[in-house]
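Colleague: Task: produce atomic coordinates for the following.
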Amino acid sequence: MISEVVYVVLGILGSCIGLMAFYLKARSMYSKQEDIRACVEKEKIIFLELLHAFMHATNQGISQKQLYHLILHNSLVSTEGMSACFYEYFSDSKELKKVASEGLFPPLKTKIPDHLSRAEILSLIHRGEIFHYGEGIVGEVAQTLRLVVLKVDNIDGYVIHHWDDALEIKNLLISPVYFRDELWGVLAIANSVRDVPFSKNTYHLLELMTQQAGIMLHNVKHLNFQIEKSKLDFDLKLASHVQSFLLPCSDLIKLSHCDFSAYCKPAQQIGGDFYTLFKLDDDRTAFVVADVAGKGIAASLLMTTCVAHLKHCTLWYDSPAAVLKAMNKYLYAETSQEMFVTMVYCVLDTGHQTLKISRAGHECPLLVKSDLPIQKLMPQGIGLGMVPSEIFDNLLEEATYDFNPGDTCILYTDGVTEALNAQNQEFSQQNLLKVVDENRDQPPKELVQKIIESVEKFSGSDRLSDDLTLLIFR
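Modeller: Purely as a prediction, here's the structure:
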């Protein structure tokens with residue numbers, strides 16, 4: 001009798017356990033389905049928000065470069081990535097060049113030297129890294145038009161490992177951006193803010209985003225072409241005239257205590273290079289040469305703003321370092337980090353026979369003294385508008401050099417040293433030093449002419465690959 005009761009009880013318990021297992025399994029399946037529904041709903045919301053952002057941007061007449069940044073921003077928000085980069089595809093040269101980034105996206109194929117400071121690392125990261133079509137993981141994605149997922153276990157061999165932990169890539173999503181037969185570039189997203197690998201849902205979402213991005217880039221290109229075609233010539237002519245008035249004419253300005261000459265030629269109708277000078281008192285004159293990142297209308301607009309603000313800063317601050325600190329504070333607050341400015345600010349004091357210089361990430365000036373090797377003047381500094389004041393001010397140096405009668409100082413932009421010939425080779429600082437050394441006794445006007453002739457002879461034409469500016473004083 002007892003054994004029968006035991007069997008009955010065991011049977012009831014077994015049935016309860018079975019029902020409980022079935023319930024838990026059904027609950028788990030329901031929970032998974034709810035998670036899937038939530039993910040799908042999240043994807044719908046993100047995708048609709050992306051479409052809305054793209055449509056609004058198109059209606060506002062957004063440029064292709066601005067659209068790149070919009071794509072990057074939305075991709076980071078949607079995938080919860082830490083940093084992203086867009087490599088634009090240039091079909092003529094079959095190259096993919098880094099043209100936009102969000103966050104601290106490290107170089108993928110160029111190792112950052114371990115002796116660089118954090119500011120120098122930031123400057124290097126903002127430079128345009130280039131992949132050839134089919135080269136490396138970026139070129140491979142462009143060639144196959146397939147999304148690639150790299151994780152900790154398979155990322156070695158595809159990316160460079162940098163010494164700074166902040167630049168370590170643990171997970172990488174790389175997706176092509178194209179529409180029909182037109183490749184626009186490659187979008188790369190590094191690391192998750194959750195410090196976990198990206199999910200499959202994230203892969204799918206990124207593919208949808210890049211497909212839509214390709215369509216929008218195609219539409220913006222053709223829409224902007226039609227709009228700009230009707231007004232560009234007029235705008236450029238007007239801007240070119242305005243810009244020419246902002247640059248002082250060296251042939252009309254005479255300084256009693258020194259001789260100087262300048263040359264400025266944009267690669268397009270308008271550009272981002274500029275030079276100027278300010279007479280501070282009877283003995284002191286400030287000479288400035290600057291280069292706005294990029295070329296064309298955007299660079300020229302920032303150049304105009306810089307000239308106006310520079311005049312204001314010169315009235316309020318006496319030293320080169322103080323002027324550049326004030327300029328950086330203004331530019332960092334008012335412009336994006338991609339639109340930075342390099343500048344060298346010199347104060348020639350003929351009364352004390354000194355030359356004070358501060359250099360904000362610009363090409364190093366050259367000091368030419370009689371019968372001595374040409375000296376490169378290299379006080380430290382980073383480009384204006386790239387980092388906040390607390391970083392910029394600590395990095396900026398001001399140096400003072402003896403500047404005796406007969407000494408010559410040469411200021412220039414990278415349009416001189418990076419001028420390209422038919423073989424895509426740069427003119428280089430070495431060639432510049434050679435020309436200066438061979439003509440060191442020439443007055444500033446003739447020395448400017450010799451340098452320009454050498455650059456044009458090297459490049460094979462007077463058509464420039466970048467804005468070019470020279471300012472020489474003695």
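Colleague: tell me which element Thr202 is part of?
Modeller: Element membership of Thr202 [criterion: DSSP states H and E] is helix 200-246.
Colleague: Just checking, which helix or strand succeeds that helix along the chain?
Modeller: Later in the chain than helix 200-246, the nearest helix or strand by DSSP H and E is strand 260-265.
Colleague: Kindly point out the strands partnered with the next helix or strand after that following strand and how each is oriented relative to it.
Modeller: Going down the chain from strand 260-265, the next helix or strand is strand 273-279, by DSSP H and E. If you go by DSSP bridges, strand 273-279 pairs up with strand 284-292 (antiparallel).
Colleague: which is the next helix or strand following the strand it pairs with?
Modeller: Next in sequence after strand 284-292, counting helices and strands by DSSP H and E, comes helix 296-316.
Colleague: Report the angle between the following helix or strand past that next one and strand 273-279.
Modeller: Next along the chain after helix 296-316, taking DSSP H and E as the criterion, comes helix 320-334. Calculated by axes from the mean of the first three to the mean of the last three Cα atoms, to 10 degrees, helix 320-334 forms an angle of 130 degrees with strand 273-279.
Colleague: Walk me through the domains of this structure.
Modeller: 37-224, 239-473 (automatic domain parsing).
Colleague: which stretch in those is the model least sure about?
Modeller: Least confident of the domains of the chain, judged by mean pLDDT, is domain 37-224 with a mean of 79.
Colleague: Start from the N-terminal end of the stretch 1-150 of the chain and give the helices.
Modeller: 2-59, 64-79, 118-125, 136-144 (DSSP state H, counting those that start in this stretch).
Colleague: Spatially nearest residue to Glu95 (excluding sequence neighbours)?
Modeller: Ile130 (5.4 Å; Cβ to Cβ, 6 or more residues apart in numbering). Every C-beta, even on glycine, is put in place using the N, C-alpha and C of the backbone.
Colleague: from what I can see the one you found touches Val99, true?
Modeller: No - shown here, Ile130 and Val99 do not form a contact pair, counting by Cβ atoms under 8 Å, at 10.3 Å.
Colleague: Could you check how far the closest residue to Gly134 other than its chain neighbours is from Gln375?
Modeller: Among residues not flanking Gly134 along the chain, Gln143 sits closest, at 4.7 Å (Cβ to Cβ, 6+ apart). Gln143 sits 48 Å away from Gln375, going by Cβ to Cβ, to the nearest Å.
Colleague: What of Trp316?
Modeller: Trp316 is 31 Å from Gln375, by Cβ to Cβ.
Colleague: neighbour count winner among the two?
Modeller: Taking other Cβ atoms under 10 Å, Trp316 and Gln375 do not tie; Gln375 has more neighbours (15 against 9).
Colleague: Without its sequence neighbours, what residue ends up closest to that one?
Modeller: Leu367 (4.3 Å).
Colleague: now for the host helix or strand of that neighbour, which elements pack on it?
Modeller: Element membership for Leu367, per DSSP H and E: strand 366-368. Packing partners of strand 366-368 (3 or more Cβ pairs under 8 Å, 6 or more residues apart in numbering; DSSP states H and E): strand 375-376, strand 408-412, helix 428-438.
Colleague: Quick check: neighbours of it in the sheet, parallel or antiparallel?
Modeller: Using DSSP bridges, the strands paired with strand 366-368 are strand 375-376 (antiparallel), strand 408-412 (antiparallel).
Colleague: Now do the first one: everything it contacts.
Modeller: So that's strand 375-376. 364-369, 401 (Cβ atoms under 8 Å, 6 or more residues apart in numbering).
Colleague: any idea which of those is closest to Leu355?
Modeller: Proximity of those to Leu355 (Cβ to Cβ) peaks at Tyr401, which lies at 4.7 Å.
Colleague: what's the neighbour count on the closest one?
Modeller: 18.
Colleague: same deal with Asp441?
Modeller: With neighbours defined by other Cβ under 10 Å, the count for Asp441 comes to 11.
Colleague: go on, Thr144?
Modeller: 11.
Colleague: With Ala422 instead?
Modeller: Ala422 has 9 nearby residues by other Cβ under 10 Å.
Colleague: how many neighbours does Glu397 have?
Modeller: Residues near Glu397, counting by other Cβ under 10 Å, number 13.
Colleague: now swap in the one 10 residues further on and tell me
Modeller: Around Asp407 sit 20 other residues, with neighbours defined as other Cβ under 10 Å.
Colleague: likewise Glu207?
Modeller: Burial of Glu207 is recorded as 15 neighbouring residues (other Cβ under 10 Å).
Colleague: cool, Asn394 as well?
Modeller: Neighbours around Asn394, by other Cβ under 10 Å: 9.
Colleague: Would you quantify the distance from it to Glu95?
Modeller: To Glu95, Asn394 is 36 Å away according to Cβ to Cβ.
Colleague: how would you label Val177: helix, strand or coil?
Modeller: With DSSP: H, G, I helix; E, B strand; the rest coil as the basis, Val177 sits in strand.
Colleague: ok, it touching Leu206?
Modeller: No - using Cβ under 8 Å, Val177 is not in contact with Leu206, being 10.4 Å away.
Colleague: Quick check: neighbours shared by these two?
Modeller: Taking Cβ under 8 Å, 6+ apart as the criterion, Val177 and Leu206 both touch Leu187.
Colleague: the more surrounded of the two?
Modeller: It is Val177, of Val177 and Leu206, that has more neighbours when counted by other Cβ under 10 Å, with 28 against 22.
Colleague: who are the neighbours in contact with the nearest residue to Ser256 once chain neighbours are set aside?
Modeller: What sits nearest to Ser256 in space, not counting adjacent residues and going by Cβ to Cβ, 6+ apart, is Asp282, at 8.0 Å. The neighbours of Asp282, taking Cβ under 8 Å, 6+ apart as the test, are 256-257, 351.
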